Structure formats: C-alpha cells, structure tokens
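J.: here is the input, now give the coordinates:
(2 chains)
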Amino acid sequence: MNSLIPLLIAAPLAGAALLLLGGRALDRFGHWIATALAALSCAFGLVLFFDMLGRDTEHRAVTTRLFSWIPVNGFQADVSFQLDQLSIVFVLLITGVGTLIHLYSVGYMAHDERRRRFFAYLNLFLAAMLILVLADNYLLLYVGWEGVGLASYLLIGFWQHKPSAATAAKKAFIVNRVGDLGLSIAIMLMFAEFGSFAFHPVFSAAGDATEGKLTAIGLMLLLAACGKSAQVPLQSWLGDAMEGPTPVSALIHAATMVTAGVYLITRSSAIFDLAPDAQTAVVVVGAVTLLFGAIVGCAKDDIKKALAGSTMSQIGYMIMAAGLGPVGYAFAIMHLVTHGFFKAGLFLGAGSVMHGMNDEVNMRHYGGLRKYMPWTFWTFMAGYAAIIGFPFLSGFFSKDKIIEAALAKGGTEGWILGGCALLGAAVTAFYMTRVVLLTFFGEKRWQPDAEGNEPHPHESPKTMVIPMVVLTFGSLFAGGLFSLGDSFLNFLEPVTGFEEGHSPLNALTVSAIATVCMAAGVGLAWLMYGRSPVPVKPPVGSLLTRAARRDLLQDDFNHAVLVRPGSALAATLVWFDSKGLDGFVNGLAAAIGGLSGRLRRIQTGYVRTYALSMFGGTLVLVASTLLMRSV
Amino acid sequence: MSYLLSATCAVPAVGAVVTAALPAGTGEARRRTTKAVALGFSVATLGLAAAIAASFQPGGARYQLTESYSWIRSFGIDFSLGADGIGTVLALLTAVLVPLVMLAGWHDADPSAPEGTFESKRRTQGFFALILAVEAMVLVSFLATDVFVFYVFFEAMLIPMYFLIGGFGDRAGGPDSARQRSYAAVKFLLYNLLGGLVMLAAVIGLYVVASDQGLATFSLPALTDAISSGKLVIDPTAQRALFLGFFFAFAVKAPLWPLHTWLPKAMGESTAGTAVLITAVVDKVGTFAMLRFCLGLFPDASKTFAPAILVLSLIGIVYGALVAIGQKDIKRLVAYASISHFGFIIMGIFAMTSQGQSGATLYMVNHGISTAAWMLVAGFLISRRGSRLIADYGGVQKVAPVLAGTFLIGGLATLSLPGLAPFVSEFLVLVGTFTRYPVIGIIATFGIVLAALYSLMLYQRTMTGPVKASVTGMPDLKARELAVVAPLVALTVLLGVYPQPLTRMVDPAVNDTLSQIHRTDPAPAHPVAATTGGEQK
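T.: Here you go, the predicted structure:
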C-alpha cells in the first residue's frame, strides 16, 4: 500500500513531463491526459485514506523511503515520504480540488492555443504540492516548496505576452524567494543544532535545544510561511498574481499553495510549542494580515483582486489559529479545508462571470447577472454564504472555532485577538456582500470591451459548471460534517495535539456575536451598494479607501525602501566595477607600461652607455662584497 | 601501470595537431571534414574520461590509475598523473562540455562569421584545434600529481585561450569589435600571466624549502604526506608567503573578487562557446587548484587566511550578483553571475567542512553544466539577432518557444531551483559554511534572492512581453542546437535528483583533504541519530 505514495506524486509529474516534451502531437487531447492523471492521483489518495482509516490511531502514519538523495559525510537528505493524518487531509484537498479545476480548465482554456502547456504546468503544480505535504524532511519539503513557486510563476505569467503578467510572475517568485531565505536558514539552523533536518529526529530532539535556538528556527519558518501564504510583510505579490488565468487563481492562489505556510507551521508544532516568542510573532502576523486583507478586499473593484484580498485575510485567520498552539492547530487546518472549498468555488464563479463577460474583471461593469447565469449565481451564493459564516454552513463552524481559540488565549491578548477576528468577520461579510451585489444584483452597467464588442453574458459550459456544483457541496456541508462529534479534530489530534481552550465566552455566545457581526457587515454593504444604483466610475473615496485601492501602499513602500535603493546600488556598483576597480587595474597596467617605456629609453643602443652601466654595476658589486667582508 | 590517464590527455592533444594540419581551404566540404575530425577526437576523449570514472574505486586509494614518467631528473620532476575523486569528476565535466561547445560553435569559425584578427585560410582548422588544445591542457591540470607539471599546463593553456578569445567573436560585434576583442584577449593574458609568474616563484620557493629538508621532489602526494605527518616543516612566514603565491594565481583564474575584471570582458567579446570554455572549464582549474594545492601543501597558512578569503568570497557573491542585475549585455550578465557563483565555490572550499568542500566540488561541476546551458542558448539567441544587448530583445517566447523554454531552464538552474543540480551544491556550501561561520553563511544565503532577480529579469526582458519587430520571424532551435542543449538539461535534472554518483566519488577525496589539514566538522549541539537511514558514516 505504501508504494501508492510515490505513485500519487508520479502520476501528475509524468503528465507534466509528457505534455511538455510530447510536442504538438498532444495538442488535441493532452488536456484530457492531464485531467485523467489528476483524477488518478485523487483516486490513489482516496485508497490511501480509507486504508488509513482501517488502522488504529497509533499505526496511521506510514513512511516510505525511495532513495538517498544527498549523502555527504555527516549530511543525510533522503527522498522519503511520510503519510500521516495531516498530510492525507492535504492530499485529498489538493488532488480533489485539483481534479475539479483541471476539469473546469478544459472549458475555460478551450480557445487558448497554448492549452497543452497550461495543463502541463497544472500537473507540475500538483506534483510539487504533493511533494511539499508528503516529504518527511525539510529539505525535500523545500523541493516541493519552490516547485509550487515555479508552477505559480509559470502560471501567473502564462499570458506572458502581457507585460503585466510577466511582471507579476517575476514579482511573485522574488517575494517568495525572500520567504525561502527563511526556510533555508531554518534548515541550516536545524542541521547545526541537531545534525538532521528530518521531521522525526528534529521533533523528538527539539526539547534538548535552547529556547533561543528554537525561537530563531520558528521565526525563520514564519518568514517562509509569510512568503508562500502572502502574509504581512510579504503579502504584496498575491494581488498581482491574479494576472494568471482564473482556474490558477482558484487552485493555487486560493485553495492550496497559499495555505502551505499554515501547513509548515502546523507541521513544525513541536518547535513552535517550545518557542512562545515565535508563536506570538505568528499570531501577530496572522491578526494583522486578516485585517489587512479584509480592508483591501473592501476597496477593490476588480473581482479577482477583491477575492485575493479575502484569501489573504482568511489565511490570516488560519495563521493566527496555528500560532495559538495546540488550541488552534486542528481548527487552522479545518478552516483551511473549508476555505479551500468555498474560495475555490468563488474563484471559479468569478471565472465563469468573466468568461461570459468578455474577460471583464471590473465589478462596476457588471450588475444584474443573476438572471443570465443561474448556475454560476447559485453556486457563487453558496460560497458567499459559507465564507461570511452564515449559520450552519462550512465557514460558520471553522471560523467560530478560531474566534473561540483566540479568545481562549486569555487576558488582554485574548480579547484583542478575539476582537480582531470578530471585526474581520464583519468586514468579510461587508466585502463579500459588496461583491455579490455589484456582480449579480442591481441594474446592468455593462461596457463594451476594448474592441467595442458588447458583452452577451451566458452560462458557462458543463465542464465549468460541474466543478462549481461539486464545490458547492463542500461549501455547504463540509464544516458541519467535520464538526459532527468533532470528527475532524479527533482525526488530526494524534499529529497536531489538542488542548481544550478556556474561552471567557461560551461557544453559543461566540456564535451569536459572530452572527451579529456578520449581519452588521451585510447590512452596511446593502446600505451602500444595494439600496441605490452603483456609479460606473468609482467615487473618489476616503483616504483609507484610496490607500486600500493601492493595497494599503504596500508597493509604494517596497518601491521606496527596497527597489529604488537596490537599483541605485546596482547601478553604482556597475559604475564602480568598470571605472573604479577595472580603472585601477588599467591604471596599474598603464603605470607599469609607462615605467617599461622609460626603461626602454635607457636602452639607447650605444655600446659605450652599456659599457658604462656595466662598469657601474660591477663597481657596486665589488664595493658591496668588500663591505660585507669587512663587517 | 595503466595508460588510461595519459591516453585521455593525449587524444585531444593529438587531435589538436591533426586538426591543425588538415588541408587548408575555405570550401564547405573541407570545413565539414575539419569539424567532424575535431568532434571525433573530443568524443573519443569523452569515452576515455568515462572509462576513468567507471574504473575509479571510491573506497580505494586517493590517487588511482597512477602513471609516472621521469622528466627532469635533476630537479625531481616527473610527468606523473593520478585520478582522485575531485579530479575525475572535473575531467569528466571537461570531456562532456567540449564536444557540446564544438557543436554549439559549429559555424563560429566559418568565413561568413565576422572578421576577426585571426584571419587565414586555416581559420576553421585553427578554431577547432585550439579548443582541443585547451581541453588537453585542462585535463593534464586536473590529473597531474606533480606540482611542476601542473604549473606548466596551468600556464600553457593561456596561449590557446588567448587566440580563441582574440581571434573569434560572435555576430554581435560592433565596428570596433576586433579591437575590443584583442583588448579582452590581452587583458586575459596579462592578468593570468602575472598570476602565473607569482606562482612560479612560489613553486621554486617550495622546491627550495623542501629540498633543504632532503625532499627534493615536486610530487604532490609525497609533499602533502610529508607535511601532514610533520616530516616536512615549512616555517609559518615562508608558508604564508608560498600560500599567497599559489593562491594569487588561482584567485586570478577562478576569479575571486576583486581580481575578476578580466572575466566579463573576455566572456563578452568571445564566442559563446569560448565563454563557456572560460567560465565552465578553465576557471575551474583555479578553484580546483585551491582545494588540491593550497590546502594540501600549506594547511596552516590556509587556516590563517581562511577568514579573509571567506570575506572576499562573500563580497564576490553579493557584488557579482548586484552588478549582474545592472548589466545591459546578456553575456556580461552571465559573466557576473559566474563571479557570484565562484564566490560560493571558494567559500565552500575555505569553510573547511565536509559539506562545504563536497558542495564546492559539486558546485564546480553543476555550475559548469548549468552555465553552459544558459550561455550557449544565449549564444544561439545572439547569433539570430546579432546583438548582445538585452534591450534589443522582447517577446521571443512567442516566436521561439523552445529556445525560450531552454533559456528559462538555464536561468532556473542558475538561481539554484531545488530539483536541479545547482541547488544540491549551493545548499551544501551554505550549510557547510554556516556550521562553522554562521554570520557569513546567513549573508551568503541572501545571494539566492539576488540570483532570482538577475536571472528572472533577464528572462522577462528578453523573452516575454509583446514581440519586438526585430525578433519577428526568429527561428526556433535547430536540431544541432537542440542536440547541444538537451544533454545539458538532462544532466541538470539528473544530478539534481540523483547526485549520488558524484558524491560517492568526491566524498573520500574531501575527507582525505580535511584529514591532511587536520580539520573536523563542527559537531551539532544536540545530535540525533538520523532515523531516515542511508549510509551513516
């Protein structure tokens, strides 16, 4: 059975290789090969899952070692996989949502001449993401970690004839590299401390290390998580990443890859649990980002960028929960899974809307679309209700648990964190209601596209609708199902540990407050966007709105602090290299050249001069010999 | 006694003579014969180098397949060869790259190519003969176990390199390209000759010191054994002076910051193939020699100077990458990226840990392969448009997707993407440096962000965006060009996933080097027994 684990990864990897090397011959049906391989991988995942359920709790985690990867004296890195309760949750999410999005893309990318390449990259992404969650050591995890970064780079920049797409792709990779710096250093710290970076040995020896070292490792892992999961301060790439085709945004930049940071922190619980300062940093990053993303989400008129702000914010919830320790790990993962369903569904809905509206993304140019795209509308509404935490839908269960865990932190901290989470819930309801009202309700504000074509909104083909419908079930019922008898928690507990939190408010009160917050957000949005017609031209807006439209000035900040001084430094060094260093070398050469020129002039060719100098030389020699003797 | 090593060095040497002597003429058929003959010799050399690697016993003696012929008896100079793990993998790298460089430069010496300073009816013969001559000399350098023999060939390879740089350029040269090229060649020659002269003095000095103590030999194993066991004692001042004499020559060739300014000039003005010979093959002799000669012969001085050298290599890593970011010329960008990478190699050597030195050796191989891929594809691109300026390109991806794809893979290898070969070596170097010098290790890690910047910026500016008028109709890679790139890409992936064949050969030589200099790896603070298995040593 363990041999299925490598096959799980090999299927999409083979698909990627086949489609990239196969050439034009595969143009006609390559996308179906990729989809089939994704489905195959998903089937393997299900087999492994049921196999795992058949074993008792102690024997659920299995490892399988393929070969020794980098064996150097004293350094041992293996290609070795570990499948436990935490990784199987990711495997099912990745391959399940992945397969649906492959199917959706068959319709969405039908008219793209480079469709084969697109599917190759999607398969590559699946393989890398599976390596990330199945690796049994940090160095192999790193391969998956940067592998998904590569897939993300290739897919954001898929329409690379657009300069904006190419720039966004590069930005995503570079910002992620800053995060990867953290992962690199964390692995080096582990190696210097423990002589290993494999999960099991490191976690079992973590208790021996000093708290300072563990805090350092924890902070470096947090830096990595910030990059991949678009958390403050490395959040700036996610909004631009929406340049990629919408299925990519759904799969990579909403449901799976961007949650890798949550996985990393949860997986490293043994380290974080012993490093409270690092945990505090995680919590702060999560809380700040959940508000940051939510504020940005309120101001964006681009439907995908509004959803991207939302993704950032929701992952902020998960990171915060993970930072709370055993009280929160399982709920972080639970929210991650339900978010995977409803956010993927929302993005697919957004893609469906764009598909019917000549690729228009500005919500101020939508309006009244519910009549024209009923399937899209209803599935979108399900995702909407789930994300705002409408009672008894998926988001309601997973988000309330996080709010409770935050409050359970206790004291002022607990109130601040809980308050942030509740405020976030209200803002979430606001911006999501705004998206729904602008898109599906109100009057038509449709505009012709650049070539002057009037939009003719229509429902999308079946390959696109079916995945949206399937995800709707997840959005509606997953949270409830997971909460039945705490099944999800009990399943994960052996890996993540669990500690009952002691919230100052009981669960019912928390739910009630959260629901009131949600209702307030919905109501405010209706007052602003539902009651009266929405202007096509955005109003000037308050200072905060204008800042939020510019992503709270993140790019301005990065530009002023990093990009401009960096380019100036590079330009200075280029000048220094040619004028300073090389100039010095040339000057030295010229000086030597000049000296030899002068020496040459002494060689006049007159025998008597030579004779004279020889005589002089001999004289010096004789004199010095005499002098030496006499000493 | 086996003759495998001398045969491996002799075949390209004979090939050079034969190729040079082939009948002159500018006819297409004549040229094709010349090229085929030269390629044949280089492929035969590859076969022999593979035979060396195949017969090398990782668990055996440090130097294997040894040969020795008396040369200058009065000074104890023998023409002696021996293969250790490090020399073997580098010889193999050389033998792999030379045929590919020839294929890539198939038309670089055709009469239609730009007028160079090396004008004659034997132009094609000359070009390919020079490449084979360089190969022969590099191979001797990697396999020589006699200090004097090494020195002679280390210096001698400058002559064919000088003619390759000065005589043959790419299509992108401007009106004064011949002048620029000869300037680059002279700069290369003078810089390296200066280094060589200093080294010659140190080689003689070493002989004087050793023969004073009754060890009148240039044999490297004899000298290192005597030094390591305390039979030969060089007093600290002399040792430091001799070390610096050797090191200066190697640091010019490697090149180490701030002795690097000849490299961008030489790589920029010569053909892409010659640039690969410089950065991927000839420069490796410098880093290789630091590891073998500086450490083995002068262990105490090496330790004394290690911190200073580490700082210089760290500056090189960051400086090279930053200057690469600011480049406008594709080939110069690759050259500065190489300077950054040489910083990593030298850092790994002087961190004096198993991971650092194994990593440095792998780095030499992996940098050779990945830079060859990147540079040769850049050369194909430049030959199509006739410009080296980044700004003259844009949107190539649309018209030549395979060219763009392979260029991207070369760039990703250069930025050490995990899964590709350079990642393995770069991470080993970083980890090996970090365990002994944490601060230097951490600063060096910032190099990975800078590498992503210069590499992806180059790709973005040349390959993406709207198709520029000047690149419309640009043909995609031809079969010959694919044949050059495909093996390099395959090796980059293979050695990234399964580097074991190399580590197994390199590891024993590194352990031997470390024990010669009496250095052990820093032990982890709280060691755990690795449960993931593997060969625990």
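J.: switch to C-alpha atoms for all contacts and neighbour counts from now on
T.: OK.
J.: where does the stretch 201-350 of chain A have low pLDDT?
T.: Low-confidence segments of the stretch 201-350 of chain A, defined by pLDDT under 70, are absent.
J.: for chain A, longest strand please?
T.: Criterion DSSP state E: the longest strand present in chain A is strand A:62-72.
J.: so which residues of chain B form strands?
T.: Going by DSSP E, chain B shows strands at B:64-72, B:77-83.
J.: count the neighbours of the closest residue to chain B within chain A for me.
T.: Going by Cα to the nearest Cα, chain B is nearest to A:His161 of chain A, at 4.1 Å. Neighbour count for A:His161, taken as other Cα atoms under 10 Å in any protein chain shown: 19.
J.: report the contact partners of the closest residue to it other than its chain neighbours.
T.: Closest residue to A:His161 apart from its sequence neighbours, by Cα to Cα, 6 or more residues apart in numbering or on different chains: B:Gly465 at 4.1 Å. Neighbouring residues of B:Gly465 by Cα atoms under 8 Å, 6 or more residues apart in numbering or on different chains: A:Gln160, A:His161, A:Lys162, A:Pro163, A:Ala166, B:Gly394, B:Gly395.
J.: among these, the buried ones, what's the PyMOL command?
T.: Restricted to buried positions by 16 or more other Cα atoms under 10 Å in any protein chain shown, the PyMOL selection for those reads:
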select buried, (chain A and resi 160+161+163+166) or (chain B and resi 394+395)
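J.: mind checking which of the contacts of B:Gly465 are in helices?
T.: A:Pro163, A:Ala166 (DSSP state H).
J.: can I get the contacts of B:Gly465 in CSV with pLDDT and distance to B:Ile349?
T.: Listed next are these as CSV, based on pLDDT from 0 to 100; distance: Cα to Cα, whole Å:
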residue, pLDDT, distance to B:Ile349
A:Gln160, 88, 41
A:His161, 90, 43
A:Lys162, 92, 44
A:Pro163, 93, 42
A:Ala166, 94, 38
B:Gly394, 92, 40
B:Gly395, 92, 41
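J.: measure stretch B:469-477 end to end?
T.: Here the two ends of stretch B:469-477 are set 19 Å apart, with distance taken as Cα to Cα, to the nearest Å.
J.: give the contact list for the residue of chain A closest to chain B.
T.: With Cα under 8 Å, 6+ apart, A:His161 has these contacts: B:Gly395, B:Lys398, B:Thr464, B:Gly465, B:Pro466, B:Val467.
J.: ok, those residues vs A:Ala39, which is closest?
T.: Lowest distance from A:Ala39 to the contacts of A:His161 (Cα to Cα) belongs to B:Lys398, with 31.4 Å.
J.: how far is the helix or strand containing A:Phe173 from where the chain is centred?
T.: Using DSSP states H and E, A:Phe173 sits in helix A:163-194. Relative to the centre of its chain, helix A:163-194 is centred 11 Å away, using Cα atoms, centre = their mean, to the nearest Å.
J.: quick one on the thing from earlier: ok, now how distant is the residue nearest to A:His161 from B:Gly395?
T.: 5 Å.
J.: likewise for B:Arg123?
T.: For B:Arg123, the distance to B:Gly395 - Cα to Cα - is 36 Å.
J.: circling back to that earlier point, out of the strands of chain B, deepest packed?
T.: Greatest average neighbour count among the strands of chain B goes to strand B:77-83 (a mean of 23), per mean count of other Cα atoms under 10 Å in any protein chain shown.
J.: flag the shaky bits of the chain, pLDDT-wise.
T.: The chain I'm using is chain A. Residue ranges of chain A with pLDDT under 70: A:595-631.
J.: please refer instead to chain B.
T.: For chain B, the ranges with pLDDT under 70 are B:1, B:25-26, B:112-121, B:173-174, B:529-537.
J.: B:Gln243 touches B:Cys294, doesn't it?
T.: To be clear, residue B:243 is Phe; Gln isn't right here. Yes - using Cα atoms under 8 Å, B:Phe243 is in contact with B:Cys294, at 6.2 Å.
J.: tell me, what's touching the two both at once?
T.: B:Ser302.
J.: neighbour-wise, which of the two wins?
T.: B:Phe243 (26 against 21).
J.: from B:Val282, how far out is the more buried one?
T.: 21 Å.
J.: and if you look at A:Asp208?
T.: Taking Cα to Cα, one finds A:Asp208 at 48 Å from B:Val282.
J.: these two: who's more crowded?
T.: Per other Cα under 10 Å, whichever of A:Asp208 and B:Val282 has more neighbours is B:Val282, with 25 against 14.
J.: just list the residues touching that one, thanks.
T.: B:Val138, B:Lys253.
J.: got the residues of the stretch 401-550 of chain A near chain B?
T.: Counting by Cα under 8 Å from any Cα of the partner chain, the stretch 401-550 of chain A comes close to chain B at no residue.
J.: give me the distance between the residue of the stretch 401-537 of chain B found nearest chain A and B:Gly410.
T.: Closest approach between the stretch 401-537 of chain B and chain A, counting by Cα to the nearest Cα: B:Gly465, at 4.1 Å. For B:Gly465, the distance to B:Gly410 (Cα to Cα) stands at 20 Å.
J.: what are the contacting residues of stretch A:134-146?
T.: By Cα under 8 Å, 6+ apart, stretch A:134-146 touches A:63, A:77-83, A:87, A:128-133, A:180, A:183, A:187, A:197-200, B:417-419.
J.: for stretch A:446-454, same thing?
T.: A:Asn358, A:Glu360, A:His365, A:Tyr366, A:Gly367, A:Pro455.
J.: distance of the fourth one relative to A:Met242?
T.: With the distance defined as Cα to Cα, A:Tyr366 ends up 18 Å from A:Met242.
J.: over to the second one?
T.: A:Glu360 sits 13 Å away from A:Met242 when distances are taken as Cα to Cα.
J.: more crowded one of these two?
T.: A:Met242 (24 against 21).
J.: interface residues of the stretch 201-350 of chain B facing chain A?
T.: Residues of the stretch 201-350 of chain B lying near chain A (Cα under 8 Å from any Cα): B:Pro258, B:Thr261, B:Tyr319, B:Leu322, B:Val323, B:Ile325, B:Gly326, B:Gln327.
J.: could I get these as TSV with neighbour count?
T.: Output for these, formatted as TSV (neighbours: other Cα atoms under 10 Å in any protein chain shown):
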residue	neighbour count
B:Pro258	17
B:Thr261	24
B:Tyr319	25
B:Leu322	27
B:Val323	26
B:Ile325	28
B:Gly326	20
B:Gln327	20
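J.: just the residues you listed: which are in helices?
T.: B:Tyr319, B:Leu322, B:Val323, B:Ile325.
J.: neighbours of the nearest residue to the first one once chain neighbours are set aside, how many?
T.: Right, the one you point to is B:Tyr319. Distance criterion Cα to Cα, 6+ apart; nearest residue to B:Tyr319, sequence neighbours excluded, is B:Ser340 at 7.1 Å. Using other Cα under 10 Å, B:Ser340 has 29 neighbouring residues.
J.: who are the contact partners of B:Ser340?
T.: B:Gly316, B:Ile317, B:Val318, B:Tyr319, B:Gly320, B:Ala321.
J.: what about the residue nearest to B:Asp146 when sequence neighbours are not counted, how many residues nearby?
T.: In space, and not counting its chain neighbours, B:Asp146 is closest to B:Ser219: 4.5 Å by Cα to Cα, 6+ apart. B:Ser219 has 20 neighbouring residues, counting by other Cα under 10 Å.
J.: I'd guessed B:Ser219 sits against B:Phe79; true?
T.: No - contact criterion Cα under 8 Å: B:Ser219 and B:Phe79 do not qualify, at 9.4 Å.
J.: what do the two both touch?
T.: B:Asp146.
J.: for the closest residue to A:Ala135 other than its chain neighbours, list each beta-bridge partner.
T.: Distances taken as Cα to Cα, 6+ apart place A:Phe81 nearest to A:Ala135, at 4.6 Å, with adjacent residues excluded. For A:Phe81, the beta-bridge partners under DSSP bridges are A:Thr64, A:Ala135.
J.: all set, thanks.
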